[in-house]
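**Student:** Just to be clear, the model below is a prediction. Sequence and coordinates:
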Amino acid sequence: MKAILSTADAPAAIGPYSQAVRSGEALYCSGQLGIDPATGKLPEGVAAQTEQSLKNIRALLAAAGAGIENVVKTTVFITNMADFPLVNAEYSKVFAENPPARSCVAVKELPLGGLVEIEVLAVV
């Protein structure tokens, strides 16, 4: 059994996918670009996009009645591995204690010219 979750506090899907899906205790959040849901635009720079991506993730988690502490795994996609320290700096502000398991991969490009995209799996 699965439940589709969505919130206006995170950007709407830009394709045929759900913002998040809950199945049992697992919450699968689709990759979040750093799009500001209020403006529909990406902020300038990888640090600002990482910060906004994580805000979007918090909004999805909140819509499921969960918080950042419920995240057990993240996957980070970046378009330039040289940006890894900047992404880590923002990421570590959110996951300061007991960080989840994580993968980080460099990709050729992301939708809408994004510089970073983060997806999470949470237990709720």
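**Tutor:** Happy to help now that I have it.

**Student:** how about the strands in this structure?
**Tutor:** With DSSP state E, the ranges of strands along the chain come out as 3-5, 20-23, 26-33, 71-78, 101-106, 116-123.

**Student:** Just send those strands back as CSV, with mean neighbour count, mean pLDDT and distance to residue 64 too.
**Tutor:** Heads up, the C-betas are built off the backbone N, CA and C, glycines and all. Shown next, in CSV, are those (neighbours: other Cβ atoms under 10 Å; pLDDT from 0 to 100; distance: least, Cβ to Cβ, whole Å):
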stretch, mean neighbour count, mean pLDDT, distance to residue 64
strand 3-5, 13, 96, 6
strand 20-23, 18, 97, 6
strand 26-33, 21, 98, 5
strand 71-78, 19, 98, 11
strand 101-106, 12, 98, 19
strand 116-123, 22, 98, 7
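
**Student:** Save the ones you listed as a markdown table, and put in distance to residue 59 too.
**Tutor:** Below are these laid out as a markdown table (distance: least, Cβ to Cβ, whole Å):
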| stretch | distance to residue 59 |
| --- | --- |
| strand 3-5 | 11 |
| strand 20-23 | 10 |
| strand 26-33 | 9 |
| strand 71-78 | 13 |
| strand 101-106 | 20 |
| strand 116-123 | 12 |
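
**Student:** closest one to residue 54 among those?
**Tutor:** Taking Cβ to Cβ as the criterion, residue 54 comes closest to strand 116-123 out of those, the separation being 6.7 Å.

**Student:** Packing partners of the closest one?
**Tutor:** Packing partners of strand 116-123 (3 or more Cβ pairs under 8 Å, 6 or more residues apart in numbering; DSSP states H and E): strand 26-33, helix 46-63, strand 71-78.

**Student:** looking at the ones you listed, which is closest to residue 103?
**Tutor:** Nearest to residue 103 among those is strand 71-78 (4.9 Å), distances taken as Cβ to Cβ.
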